[in-house]
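Asks: Here is my input, please return the structure:
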Amino acid sequence: MNEIQKYRFACTLTFGDIYGQIIIWLIVIFLSLASSLALWSSDRQLYALVTVGLILVLSIPFLLFAFVTTLLNHIELRATDPESEAKSEGSRKVRSSKAARAAS
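Replies: Numbering: from 1, shown residues only. Here you go, the predicted structure:
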């Protein structure tokens, strides 16, 4: 019978991976605010609010799609060896107990 292997999820996502997406979305927000200020007058206030709302409603799905796909691209599923996992856990426990003794 096949043995069931253990798997470990690892996320390698860093802030630098999404930094460009955040900057571009901030630019979109500032451009929408600038366009609403350009349209803001006594008879075009409704157009200004609709412009901001429309840009936000249209940009948020693209932003979420970009974030989710970036996150999914940085999730790794690694098969672990039970023997090496037990050894690494044992060494981690020894290191943590030594650190606890040194701290006290």
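
Asks: looking at this protein, which helix or strand is least sure?
Replies: helix 82-103 (a mean of 59; mean pLDDT, DSSP states H and E).

Asks: Quick one: the strands in this structure, in order.
Replies: Residue ranges of the strands in the chain, as given by DSSP state E, are 6-11, 75-80.

Asks: Residues contacting the last one, please?
Replies: Yep, that's strand 75-80 we're talking about. 5, 6, 7, 8, 9, 10, 11, 12, 13 (Cβ atoms under 8 Å, 6 or more residues apart in numbering). The way it works is simple: take the backbone N, C-alpha and C, and place the C-beta from them, glycine included.

Asks: What mean pLDDT does the lengthiest helix in the chain get?
Replies: Ranked by residue count and defined by DSSP state H, the top helix of the chain is helix 45-73. Mean pLDDT, helix 45-73: 86.

Asks: What is it packed up against?
Replies: helix 15-39 (3 or more Cβ pairs under 8 Å, 6 or more residues apart in numbering; DSSP states H and E).

Asks: which of the residues in the helix it packs on are buried?
Replies: Residues of helix 15-39 classed as buried under the neighbour-count rule (16 or more other Cβ atoms under 10 Å) are 18, 25, 28, 32, 36, 39.

Asks: Next, format these as TSV and append distance to residue 80 and pLDDT.
Replies: Formatted as TSV, the buried residues of helix 15-39 follow (distance: Cβ to Cβ, whole Å; pLDDT from 0 to 100):
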residue	distance to residue 80	pLDDT
18	28	85
25	37	85
28	42	84
32	47	83
36	53	82
39	58	78
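
Asks: Would you format these as JSON lines with distance to residue 81 included?
Replies: As requested, these are exported to JSON lines (distance: Cβ to Cβ, whole Å):
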{"residue": "18", "distance to residue 81": "33"}
{"residue": "25", "distance to residue 81": "42"}
{"residue": "28", "distance to residue 81": "47"}
{"residue": "32", "distance to residue 81": "52"}
{"residue": "36", "distance to residue 81": "58"}
{"residue": "39", "distance to residue 81": "63"}
